[in-house]
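> pasting the structure only:
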């Protein structure tokens, strides 16, 4: 069936496409034609505009916060006044490094399926900061359940990043996990694809002090074997968490 | 559309310039409506969340393709979400009911409720008037297809009518709708 030069048929198909009743192969065929035929694309756009006000009649439902978390992780971070300044758990963590580090340790120690405590009491670390290991640390958690899934650490002057899988159920056979840096105000940057081992090593392009200094957040996405073919996260974000200087 | 068109168009323009703060405002402003649209079609919160996530990434990636003169911002974004939902429903095998029993409201549960709310703007009022001018069967078929993403075959099953009859209702209903809107 070819709808070109048949304005009535073309308009009918455009209407049914916009309404949503055109399905299966007819639908994918029309999507293909729309790319080549400006008149058809315009007819579809006109029908979408005609029917568009119907969408206003649908009852709005606020999506859960995790949806925005995942979107944000896929498009990169907001430089200022964004999610990471307002997220409840960020407030809970407290911006003081000692408080944050204490919560990280607590999260690692507990690895409990419960959501994290909303506002943990500040913990004063007894260890003098000079004796603390100079590492970057991140606990990456399921954005939906907040369950900690991976622990990432890298010595400040090292270009080796250790990744420990806390929950093996994050792995999906036939797919790979890819680790991303989400630098402030810039597009996400791949740090590498994780192997299947519970403990993996990811080689950074340079020492952590250079690679991670401007990276407030790390994330894990599910990708085809060998990693994202596009250089950007293509699959769902399975884990995300703040990356903190631990010294 | 009752959304403040100018601000949404400006937010999309800012997104095209890679302004992430504007993107977040756009999300805050529009996601409840678009999530509602996706939920209504997909009937499952987890699917609607996944689709919403994909669609906002797409909106961010394609913000520069938005042309304010060609479509209202909300119409443009709604089309992205509805089309993604319909493609999603094409996936090989769908369980209609979630194992966890998380099936949300069924197709007819608040029908024709939504139509009653179509008072928001001149466009919406004209559409409502023209929908009301249709025969009841035509109107019901079109509303079910739009709101709930039903295919011709699903409409036929839902309305307990032969497929050919339902297709005719939809086709004639759309034709009448168009001439009514053009006359308005």
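Perfect, I can see it now. Everything quoted here is computed from the prediction, not taken from an experiment. Numbers count the residues shown, from 1 in each chain, chains lettered A, B, ... in the order given.
> Show the backbone phi and psi for residue A:46.
Main-chain torsions, residue A:46, degrees, to the nearest 10: phi -70, psi -40.
> Next, the contact list for the closest residue to it other than its chain neighbours, please.
Spatial nearest neighbour of residue A:46, chain neighbours left out: residue A:14 (7.4 Å); criterion: Cβ to Cβ, 6 or more residues apart in numbering or on different chains. Every C-beta, even on glycine, is put in place using the N, C-alpha and C of the backbone. Residues in contact with residue A:14 (Cβ atoms under 8 Å, 6 or more residues apart in numbering or on different chains) are A:30, A:40, A:43-44, A:46-47.
> Is residue A:14 in a helix, a strand, or coil?
What DSSP: H, G, I helix; E, B strand; the rest coil gives for residue A:14 is helix.
> ok, it to residue B:37 distance?
20 Å (Cβ to Cβ, to the nearest Å).
> do the same with residue A:55
Here the criterion is Cβ to Cβ. By it, residue A:55 lies 5 Å from residue B:37.
> Also residue A:71?
Shown here: residue A:71 relative to residue B:37, a distance of 17 Å by Cβ to Cβ.
> Kindly report the same for residue A:137.
For residue A:137 relative to residue B:37 (Cβ to Cβ), the value is 41 Å.
> for the record, mean pLDDT for the helix or strand encompassing residue B:14?
Applying DSSP states H and E as the criterion places residue B:14 in helix B:5-16. Mean pLDDT, computed over helix B:5-16, is 84.
> quick revisit: which one's more surrounded, residue A:71 and residue B:37?
Between residue A:71 and residue B:37, counted using other Cβ atoms under 10 Å in any protein chain shown, residue B:37 has the larger neighbour count: 30 against 24.
> So which other helices or strands are in contact with the helix holding residue B:14?
Applying 3 or more Cβ pairs under 8 Å, 6 or more residues apart in numbering or on different chains; DSSP states H and E, one finds that helix B:5-16 contacts helix B:20-42, helix B:45-62, helix B:73-89.
> and that helix with helix B:20-42, angle?
On the basis of axes from the mean of the first three to the mean of the last three Cα atoms, to 10 degrees, helix B:5-16 is oriented at 110 degrees to helix B:20-42.
> Would you mind pulling the contact partners of helix B:5-16?
With contact meaning Cβ under 8 Å, 6+ apart, helix B:5-16 is reached by B:22-23, B:25-26, B:29-30, B:59-60, B:63-64, B:66, B:68, B:72-74, B:76.
> Buried ones in that helix, by neighbour count?
Buried residues in helix B:5-16, defined by neighbour count with 16 or more other Cβ atoms under 10 Å in any protein chain shown: B:8-15.
> quick one: it to chain centroid distance?
20 Å (Cα atoms, centre = their mean, to the nearest Å).
> Quick check: pLDDT value at the most centrally placed residue in chain A.
Compute the mean C-alpha point of chain A, and by Cα atoms, centre = their mean the closest residue is residue A:73, 3.3 Å away. pLDDT for residue A:73: 85.
> do the one 3 residues further on as well
The predicted local confidence for residue A:76 comes out at a pLDDT of 71.
> Isn't it up against residue A:182?
Yes: between residue A:76 and residue A:182 there is a contact under Cβ atoms under 8 Å: 6.0 Å.
> any residues in contact with both of these two?
Jointly contacting residue A:76 and residue A:182 under the rule Cβ under 8 Å, 6+ apart are residue A:188.
> what's near enough to touch the residue lying closest to residue B:170 once chain neighbours are set aside?
Leaving aside its sequence neighbours, residue B:170 sits nearest to residue B:141 (Cβ to Cβ, 6+ apart; 5.2 Å). Taking Cβ under 8 Å, 6+ apart, we find residue B:141 in contact with B:155, B:159, B:166, B:169-170, B:173.
> What average pLDDT does the strand or helix carrying residue B:141 get?
Using DSSP H and E, residue B:141 sits in helix B:136-148. Mean per-residue pLDDT for helix B:136-148: 90.
> do the very next helix or strand once past it and chain A meet?
Next helix or strand after helix B:136-148 toward the C-terminus (DSSP H and E): helix B:152-159. Yes: applying Cβ under 8 Å from any Cβ of the partner chain, one finds that helix B:152-159 is in contact with chain A at B:152, B:155.
> buried sites along helix B:152-159?
Neighbour counts over helix B:152-159 (16+ other Cβ under 10 Å) mark B:152, B:154-156, B:158-159 as buried.
> which intervals of chain A have sub-threshold pLDDT?
Applying pLDDT under 70 to chain A flags the ranges A:1-4, A:77-133, A:247.
> quick one: the helices in it?
Using DSSP state H, the helices of chain A run over residues A:7-19, A:24-36, A:38-51, A:53-56, A:65-75, A:83-86, A:88-93, A:97-110, A:208-211.
> any bit of the fifth one sitting next to chain B?
Yes: figure legend: helix A:65-75 in contact with chain B (Cβ under 8 Å from any Cβ); contacting residues A:66-68, A:70-72, A:74-75.
> other SSEs contacting the longest strand seen in chain A?
Assignment by DSSP state E gives strand A:237-246 as the longest strand of chain A. Here strand A:237-246 touches helix A:65-75, helix A:97-110, strand A:135-141, strand A:148-155, strand A:217-224, going by 3+ Cβ pairs under 8 Å, 6+ apart.
> how does it look with 6 Å?
When contacts are defined as 3 or more Cβ pairs under 6 Å, 6 or more residues apart in numbering or on different chains; DSSP states H and E, strand A:237-246 sits against helix A:65-75, strand A:135-141, strand A:217-224.
> For stretch A:42-61, list every residue counted as buried.
By neighbour count with 16+ other Cβ under 10 Å, stretch A:42-61 contains the buried residues A:43-58, A:61.
> and if you look at stretch B:22-35?
For stretch B:22-35, burial by neighbour count (16+ other Cβ under 10 Å) applies to B:22-27, B:29-35.
> ditto for stretch A:153-173
A:153-156, A:158-159, A:161, A:163, A:165-166, A:170.
> how about low-confidence regions in chain B?
By pLDDT under 70, the low-scoring segments of chain B are B:1-6, B:91-121.
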